[in-house]
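Student: Sequence unavailable; structure follows:
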């Protein structure tokens, strides 16, 4: 993956955002904290992503990644690599006794123009999965369009189903702005693959840039199992960061 290094002057782990919201089913007030991921919670992050991203994300669901035993070691290795790069964000629910429950993950990573997802060691199934997004990404080169040398991208945003509908995805995306400001990253982009994530991007201040129909990708890559995908499009959204 990339050669980008986090500035050691920026405290790690840092808390980037705190969020309070009322439960949908009771008068309980939930307190959430969005911060840097750390290697000690990697096993919990892997379990979370398998349960809430790879089981639910529209493209992953088509590929049935969750049931591909060959892919899991590659996912574990990749997640370990980006957590060690100190770029992913996690959301904790803060309990009344001060303990923390992991309820959200955004697998963000800082990429430079020469970096590519195609360089990631992977299983045959994950290689096909990645090819969907490599095809979508051919439309726009964000580095050239925005004239930047580093961009914060993401390879998965997932919220515990129990806490969906409370705005956590939006808050995590907002936290990316604070992260980028501190780390001097001028741009963040993501291919958002579902209606829910696209709505969260809009609420978080991201701007729509480009849309790709999975049907068009299927025409180019007909061997991929995209015919029955639940959501018709992936959308590229961006947010520029004021570093002044």
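Tutor: Great, that's in hand. Since the model is a prediction, treat every value here as computed from it, not as a measurement.
Student: Now residue 37. Nearest residue, chain neighbours left out?
Tutor: residue 88 (4.1 Å; C-beta to C-beta, 6 or more residues apart in numbering). Placement of C-beta: from N, CA and C, glycine included.
Student: Would you check that that neighbour makes contact with residue 110?
Tutor: No: if you go by C-beta atoms under 8 Å, residue 88 and residue 110 don't touch, sitting 10.6 Å apart.
Student: follow-up on the earlier one: tell me how many other residues crowd the residue nearest to residue 37.
Tutor: 23 (other C-beta atoms under 10 Å).
Student: Phi and psi next, for residue 57.
Tutor: Main-chain dihedrals, residue 57, degrees, to the nearest 10: phi -60, psi 130.
Student: what number of residues lie near the residue lying closest to it once chain neighbours are set aside?
Tutor: In space, and not counting its chain neighbours, residue 57 is closest to residue 193: 6.0 Å by C-beta to C-beta, 6+ apart. A count of nearby residues for residue 193, using other C-beta under 10 Å, gives 23.
Student: from memory residue 193 sits against residue 237, does it?
Tutor: No: using C-beta under 8 Å as the test, residue 193 is too far from residue 237 to be in contact (11.2 Å).
Student: joint contacts of those two?
Tutor: Counting by C-beta atoms under 8 Å, 6 or more residues apart in numbering, no residue touches both residue 193 and residue 237.
Student: Retrieve the pLDDT associated with the residue nearest to residue 37.
Tutor: Residue 88 is assigned 98 on the pLDDT scale.
Student: show me the contacts for residue 185.
Tutor: 110, 150, 151, 152, 179, 241.
Student: gap between the residue lying closest to residue 239 once chain neighbours are set aside and residue 224?
Tutor: Nearest non-adjacent residue to residue 239, counting by C-beta to C-beta, 6+ apart: residue 206, 4.7 Å away. Distance, residue 206 to residue 224, using C-beta to C-beta, to the nearest Å: 27 Å.
Student: Which one's more surrounded, those two?
Tutor: residue 206 (25 against 19).
Student: Quickly run through the sheet partners of the longest strand along the chain, with directions.
Tutor: Longest strand of the chain, by residue count under DSSP state E: strand 100-111. Strand 100-111 has these partner strands in its sheet, going by DSSP bridges: strand 89-94 (antiparallel), strand 151-159 (antiparallel).
Student: residues of stretch 195-204 that come out buried?
Tutor: For stretch 195-204, burial by neighbour count (16 or more other C-beta atoms under 10 Å) applies to 196, 197, 198, 200, 201, 202, 204.
Student: And stretch 162-169, by the same measure?
Tutor: By 16+ other C-beta under 10 Å, the buried positions in stretch 162-169 come out as 163, 164, 166, 167, 168, 169.
Student: Of the residues you listed, just say which sits nearest to residue 36.
Tutor: Nearest to residue 36 among these, counting by C-beta to C-beta, is residue 168 at 16.6 Å.
Student: What distance do you get for the residue nearest in space to the middle of the chain to residue 181?
Tutor: Centroid-nearest residue in the chain, with C-alpha atoms, centre = their mean: residue 156, separated by 3.2 Å. From residue 156 across to residue 181, the span is 23 Å (C-beta to C-beta).
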